[in-house]
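Asks: Need coordinates for the following:
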Amino acid sequence: TQTRFYEELSSSGRPEEGKEVPLTIFRARRERDRKFLKWLIEEIGVVEEMIRRRVLSI
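Replies: Now for the predicted structure:
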């Protein structure tokens, strides 16, 4: 296992003082967040398409 540590980022994107997480956890969280953002972008696209169709039908 890797023993390097990364500071955990707060919601502001800045490192929180005194909080560190192992690199493996950091990578797992980053991957989870990446998948969530990809899903969210897809959902926004679906909603945009629904709005476009609704506007065209009026």
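Asks: Give me the neighbour count for Leu40.
Replies: 10 (other CB atoms under 10 Å). For glycine as for every other residue, the C-beta is placed from the backbone atoms N, C-alpha and C.
Asks: where do the strands sit along this protein?
Replies: Counting by DSSP state E, the chain has strands at residues 5-9, 15-22.
Asks: Lowest mean pLDDT across these, which one is that?
Replies: For the strands of the chain, the weakest mean pLDDT is recorded on strand 5-9, namely a mean of 55.
Asks: residue ranges with poor pLDDT in this protein?
Replies: 1-19, 21 (pLDDT under 70).
Asks: where exactly do the helices run in it?
Replies: Along the chain, counting by DSSP state H, helices occupy 23-57.
Asks: how close does Leu56 sit to Glu42?
Replies: Going from Leu56 to Glu42 by CB to CB, to the nearest Å gives 21 Å.
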